[in-house]
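**Student:** Following is a predicted model, sequence given first.
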Amino acid sequence: EAILTAVAALLEDEFHELRPRVKDSIYSVLKTTSGVVLETLRTKDAELSQLERRVNANRHALTELMSSDQDMAFMSLTKQHEWPELFSIEIADHLENEHEEVELLLETYLQMLDGIYAGLRDLRDDLTAARASTTLRLSQAQNKLLSVDLLVSSVTAVSSLGALVAAVFGMNLSSGKENRVNLFWIVLGVVVGVAPVLTGSLLAYIRSRGLVIT
């Protein structure tokens, strides 16, 4: 009983010590997605997994012990001391089912471990939700960056058309149009007017195809 009490108390203390640190990490990651905070969350996840494995191993051991009447009967040390001859090789049939006190004791500690494990599972669910929220925010930030990159690329592509027109009219070739006084302003107005229209049309087409989610 002393060993069971010490093990259960140790696991419970570790759970109560880990829980506020995990909660703080979850609260921090919900406010920011910096690399330090994400690494801290990963560390707490590893600590939580380790404690889960230890608690689950003890639960499994108690469950297996409670499934064997003979093993529980052998734990009756008082009876073994009073009637050692009954426990010499195999336990007597009439004593094999007389383990109510031992079974109640094991059930008590198993319920304690079940409570700790349930608390750990709740923390695991909170961590999973925080990780999903972080992934969603990172995806939204990535989508915004892609939208900005697409806007810059569209403006660059349309501007290159204006640069092409400027290069053509900048050639030292005789076309008979170079002496027209208003031709420069006409070309400039067309380029300046068409550029934003083409950019807006390109972006509208891309959004209509669902390539960018806003």
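**Tutor:** Everything's here; your move.
**Student:** can you tell me which residue is nearest the centre of this protein?
**Tutor:** Arg131 (2.7 Å; CA atoms, centre = their mean).
**Student:** For the nearest residue to that one once chain neighbours are set aside, give me its contacts.
**Tutor:** Spatial nearest neighbour of Arg131, chain neighbours left out: Leu41 (7.4 Å); criterion: CB to CB, 6 or more residues apart in numbering. Quick note: C-beta positions are derived from backbone N, CA and C, even for glycine. Contacts for Leu41 (CB atoms under 8 Å, 6 or more residues apart in numbering) come out as Ser25, Ile26, Ser28, Val29, Leu127, Ala130, Arg131, Thr134.
**Student:** In this structure the last one contacts Leu38, no?
**Tutor:** What it means is Thr134. Yes - here Thr134 reaches Leu38: they are 7.1 Å apart, a contact under CB atoms under 8 Å.
**Student:** Need the overlap of contacts for those two.
**Tutor:** Residues touching both Thr134 and Leu38 by CB under 8 Å, 6+ apart: Val29.
**Student:** ok, back up a step: could you list every helix and strand in contact with the host helix or strand of the residue nearest to the centre of the chain?
**Tutor:** Taking DSSP states H and E as the criterion, Arg131 maps to helix 100-169. Judged by 3 or more CB pairs under 8 Å, 6 or more residues apart in numbering; DSSP states H and E, helix 100-169 is in contact with helix 2-31, helix 35-66, helix 69-74, helix 183-208.
**Student:** tell me the average confidence for it?
**Tutor:** Over the span of helix 100-169, the pLDDT mean works out to 82.
**Student:** Let's have the contacts of Leu41 in JSON lines, adding distance to Asn143.
**Tutor:** Listed next are these as JSON lines, based on distance: CB to CB, whole Å:
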{"residue": "Ser25", "distance to Asn143": "26"}
{"residue": "Ile26", "distance to Asn143": "24"}
{"residue": "Ser28", "distance to Asn143": "24"}
{"residue": "Val29", "distance to Asn143": "20"}
{"residue": "Leu127", "distance to Asn143": "25"}
{"residue": "Ala130", "distance to Asn143": "20"}
{"residue": "Arg131", "distance to Asn143": "19"}
{"residue": "Thr134", "distance to Asn143": "15"}
